[in-house]
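> Based on what follows, work out the 3D shape:
(chains A and B)
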Amino acid sequence: MRALPPLIISRPTCKLIWEEKMRKKCYKLLDHTADIGIELFADDFTSLLENAAFALFDIITDISKVRPRNRVATIILNTDREDMMRSWMEELLFRFNSADYLFSKFKVTDSDTGYAHGDAWGEVFDANRHMIHTEIKGITYHQFEVSRSQHGWYCRIIFDV
Amino acid sequence: MTELRQIDDYVWEVPKRGKMRVPGRIYASKELMRDIVNDPCVEQVQNVAHLPGIVGYSLAMPDIHWGYGFPIGGVAAMDMEGGVISPGGVGYDINCGVRLLSTGLKHHDIQNEIRKLLAQLFRDIPTGVGSHGAIPNLSHKELNRLLRKGVSRAVEMGYGTAEDIEFVEERGCLDGADPSQVSERAKQRGSKQIGTLGSGNHFLEVDYVEEIYHEHAARVFGLEQDQIVVIIHTGSRGLGYQVCADYLKMTQHAVEKYGITLPDRQLACTPINSQEGGAYLAAMRAAANFAFVNRQVIKHLAEQALLKSLGVSPETLQMRLIYDICHNIAKFEEHTVKGEKITVCVHRKGATRAFGPHHPELPELYRSVGQPVLVPGDMGRYSYLCIGTEKAMTDTFGSSCHGAGRMMSRRKSSKLSKSINMIEELRSRGVEIMARGRRTIAEEMPHAYKDVSNVVDVMDGAGISKKVARFRPMGVIKG
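Reported below is the predicted structural model:
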């Protein structure tokens, strides 16, 4: 039997695969009669925002097929943590619902000047490559929570499907 | 567990206690009640009863299930002076509703053509992500006109005929719509979605009349055994969702501003007569008009698809609008409360208007029998046409049920669907399906829903809405 060539994965790709695996562990799906929810955890608040965004698009599509081609930058006003989470997620959902944008990579950086930077990388939906699992339309207030404990940050969101 | 008191075979009372302003009333059979009591929706019926200005009862239809603030299947009427309006009492999908179309065809005419027909419908009616609306290059000005004028503007643009207008609830336009109260974001979301079906539980179905219960009403509506009908279920798409989201945010602040105490923040509301209340009503009406237009355009697309696919003339197809109803809406209506005729603001969230005979708002042709009430079931079983009654006017603010009601989460349904061949399962029930994604089918399988006949039987037994006909699906398209 002919030997297979060695599988070589570039370092950036390794990092992406590892990041994806880590992010997938950071949320779990919640049952809801008509819609879908998540709860997620992170060590710090900016990671919580990143994880939430990842979870959102992981539910919407096969996120591994979304190429992080284009960057979309968002300013998140530094109000209370619940408002910040809501603004960030609503902005990403707006891009998805109005312009068919899918995202797979996220970076949020805090700033000392009253707002945070949220960057998301992705591309426009391509029916030849992307499958939409669930079309999420909005973020409800139902059981919406962003909180902090000695173990880190926690968030729960129920999405409207 | 909330204590319930059975009033009769179909009515259960949630006694008034604590800060509830009125009792609750749930319409259900004993069998349906066994599931209902295990769902948090009963507590939601209680919570709604706390709202300022609520009159009569906090009502729930037999398809009740857990929603946001208000349960799905909830009806609440508010006094105009001291009452509140709540975006959660309308729902995210403003004017989600159902349209029933009749044709001149019979079951045997299309029995062997159903796959070809479905394929044409699936090609011609935009569904799901990535699809674009049927009105290309829709200008801002034109969108505003549609939001203001509803179906009549769509007819002027060539979608459907003037005869359609009379057979749409509110004649396809809620007065008082103000596009300036709809955010730019909402308009951006909606502008390329006119004439799109959406996903989730939205659908277009080709059915046949399987059984007729009320011969006279069926004749008035122009229905007979084996006749082919088309059912469209969709709403205001991204525009309505954004309007709800925008005004939920606003009402969170209004609750504080007006000192309203709520048991659940999702019941966020504002006085009807407040500036915020006026703004929401104006935007909601605009979104509702968008949904009427959406269903009007889809009707036009469906008609064209059937003509093309079947190769018949319009005179043979004879597609006619029977009726179009809303089941997520808030409206000012006149009702009798404690013997006095008053105007109230009726919230219907997953509930259908069901006006009785002789109501002046009904099309003249239908006044003798009452308003058509369209109740779609899940995609594998059946749907119903009923009529509103005088009892609905006295007992439920002229309201009835809206559908089957989910009884299983999407995750559970998807898990259960893994063990079956869904397409074959539906085919064994005589139903062909075309959908954008397998997960949509998995989440919408019949096992996820209550049997709609149980829901409709409760309303029939309670005298709220009487059965006219049952439709059996032959084919369905979904986003």
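> Enumerate the beta-bridge partners assigned to B:C386.
Bridge pairing for B:C386 (DSSP bridges) gives the partners B:V373, B:K467.
> hang on, isn't it packed against B:V375?
Yes. Counting by CB atoms under 8 Å, B:C386 touches B:V375, with 6.2 Å between them. Where C-beta positions appear, they are placed from N, C-alpha and C, glycine not excepted.
> Could you tell me which residues touch both of those two?
Common neighbours of B:C386 and B:V375, counting by CB atoms under 8 Å, 6 or more residues apart in numbering or on different chains, are B:400, B:456.
> Just say helix, strand or coil for B:R123.
Put simply, B:R123 is helix when judged by DSSP: H, G, I helix; E, B strand; the rest coil.
> What count of nearby residues applies to B:Y247?
B:Y247 has 29 neighbours, counted by other CB atoms under 10 Å in any protein chain shown.
> Find the helix or strand that it is a member of.
helix B:237-257 (DSSP states H and E).
> Any stretches of chain A with poor pLDDT?
Along chain A, segments meeting pLDDT under 70 span A:1-25, A:33-34, A:111-113.
> 50 instead?
In the predicted model, chain A carries pLDDT under 50 at residues A:1-12, A:14.
> now the stretch 351-479 of chain B
In the prediction, the stretch 351-479 of chain B carries no residues with pLDDT under 50.
> Contact residues of it facing chain A?
B:406-412, B:436-437, B:439, B:443, B:479 (CB under 8 Å from any CB of the partner chain).
> Those into a markdown table, with extra columns for secondary structure and neighbour count?
Formatted as a markdown table, these follow (DSSP: H, G, I helix; E, B strand; the rest coil; neighbours: other CB atoms under 10 Å in any protein chain shown):
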| residue | secondary structure | neighbour count |
| --- | --- | --- |
| B:R406 | strand | 24 |
| B:M407 | coil | 20 |
| B:M408 | coil | 19 |
| B:S409 | coil | 20 |
| B:R410 | helix | 24 |
| B:R411 | helix | 16 |
| B:K412 | helix | 15 |
| B:R436 | coil | 22 |
| B:G437 | coil | 19 |
| B:R439 | helix | 18 |
| B:E443 | helix | 26 |
| B:G479 | coil | 24 |
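> any idea where the helices of chain A begin and end?
A:11-25, A:45-60, A:81-99 (DSSP state H).
> Can you list the buried residues in stretch B:27-35?
Along stretch B:27-35, these residues count as buried under the neighbour rule (16 or more other CB atoms under 10 Å in any protein chain shown): B:27-29, B:32-33.
> And stretch B:266-279, by the same measure?
Buried residues in stretch B:266-279, defined by neighbour count with 16+ other CB under 10 Å: B:266-272, B:274, B:276-279.
> quick one on the thing from earlier: tell me which of the buried residues of stretch B:27-35 fall in helices.
Using DSSP H, the buried residues of stretch B:27-35 in helices are B:32-33.
> related to what we said a few turns ago, any idea which helix or strand comes after the helix holding B:Y247?
Counting by DSSP H and E, what follows helix B:237-257 is strand B:270-271.
> Could you report the distance from the closest residue to B:Y280 other than its chain neighbours to chain A?
Nearest residue to B:Y280, sequence neighbours excluded (CB to CB, 6 or more residues apart in numbering or on different chains): B:Y247, at 4.6 Å. Using CB to the nearest CB, to the nearest Å, one gets 12 Å for the distance from B:Y247 to chain A.
> if I pick the residue of the stretch 251-400 of chain B found nearest chain A, what's in contact with it?
In the stretch 251-400 of chain B, the residue found nearest to chain A is B:Q266; the distance is 5.1 Å by CB to the nearest CB. Counting by CB under 8 Å, 6+ apart, B:Q266 touches A:140-142, B:68-69, B:88.
> what about 10 Å?
Residues in contact with B:Q266 (CB atoms under 10 Å, 6 or more residues apart in numbering or on different chains) are A:140-144, B:44, B:47, B:67-70, B:86-88, B:248, B:252.
> Closest one of these to A:K28?
Nearest to A:K28, judged by CB to CB, of those is A:Q143 at 14.2 Å.
> Quick check, that closest one in contact with A:E82.
No. Contact status for A:Q143 versus A:E82: not in contact, 12.0 Å apart, counting by CB atoms under 10 Å.
> who does B:P473 bridge with?
Beta-bridge partners for B:P473, by DSSP bridges, are B:D207.
> Hmm, it is touching B:Y208, no?
Yes. The criterion here is CB under 10 Å, and B:P473 meets it with B:Y208 at 8.5 Å.
> Mind checking which of those two has more residues around it?
Under the criterion of other CB under 10 Å, the comparison of B:P473 against B:Y208 puts B:P473 first, with 26 against 22.
> For B:G190, see how far away that one is.
From B:P473 over to B:G190 the distance is 29 Å, taken as CB to CB, to the nearest Å.
> same thing with B:G24?
35 Å.
> Pick out whichever of these two has more residues nearby.
Neighbour tally, B:G24 and B:G190, criterion other CB under 10 Å: the higher count belongs to B:G190, 32 against 27.
> With respect to B:L138, which of the buried residues of stretch B:27-35 is nearest?
If you rank the buried residues of stretch B:27-35 by distance to B:L138 using CB to CB, B:Y27 comes first, at 41.2 Å.
> Now that closest one. Nearest residue, chain neighbours left out?
B:P62 (5.1 Å).
> Now do the contacts for the one you found.
Applying CB under 10 Å, 6+ apart, we find B:P62 in contact with B:10, B:26-29, B:32-33, B:36, B:73, B:400-401, B:405, B:450, B:452, B:454-459, B:461-462, B:464.
> Among the residues you listed, which ones are in helices?
Going by DSSP H, the helices hold B:32-33, B:36, B:452, B:454-459, B:461 from these.
> residue contacts, B:V168?
Per CB under 10 Å, 6+ apart, neighbours of B:V168: B:97, B:99, B:150-152, B:160, B:292, B:295-296, B:321, B:323-326, B:363.
> Is it bridged to anything, and to what?
B:D324.
> so what pLDDT did it get?
Per-residue pLDDT puts B:V168 at 98.
> Ok, B:M1 next?
At B:M1, the model reports a pLDDT of 64.
> May I have stretch B:104-119 exported as PDB, CA atoms only?
Output in PDB follows, covering the C-alpha atoms of stretch B:104-119 (Å, rounded to 0.1, in the frame of the first residue of the first chain):
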ATOM      1  CA  GLY B 104     -60.400  26.100 -10.000                       C
ATOM      2  CA  LEU B 105     -58.300  22.900  -9.800                       C
ATOM      3  CA  LYS B 106     -59.100  19.600  -8.100                       C
ATOM      4  CA  HIS B 107     -56.800  17.100  -6.400                       C
ATOM      5  CA  HIS B 108     -56.700  14.800  -9.500                       C
ATOM      6  CA  ASP B 109     -55.700  17.700 -11.700                       C
ATOM      7  CA  ILE B 110     -52.300  18.100 -10.100                       C
ATOM      8  CA  GLN B 111     -51.700  14.800  -8.300                       C
ATOM      9  CA  ASN B 112     -49.100  13.700 -10.800                       C
ATOM     10  CA  GLU B 113     -47.700  17.200 -11.200                       C
ATOM     11  CA  ILE B 114     -47.000  18.100  -7.700                       C
ATOM     12  CA  ARG B 115     -43.200  17.700  -7.800                       C
ATOM     13  CA  LYS B 116     -42.900  19.800 -10.900                       C
ATOM     14  CA  LEU B 117     -45.200  22.300  -9.400                       C
ATOM     15  CA  LEU B 118     -43.200  22.500  -6.200                       C
ATOM     16  CA  ALA B 119     -40.000  22.900  -8.100                       C
END
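> Tell me how far the worst-scoring helix or strand of chain B on mean pLDDT lies from the chain's centre.
One helix or strand of chain B scores below all others by mean pLDDT, DSSP states H and E: helix B:438-443, with a mean of 77. Put simply, helix B:438-443 sits 21 Å off its chain's centre (CA atoms, centre = their mean, to the nearest Å).
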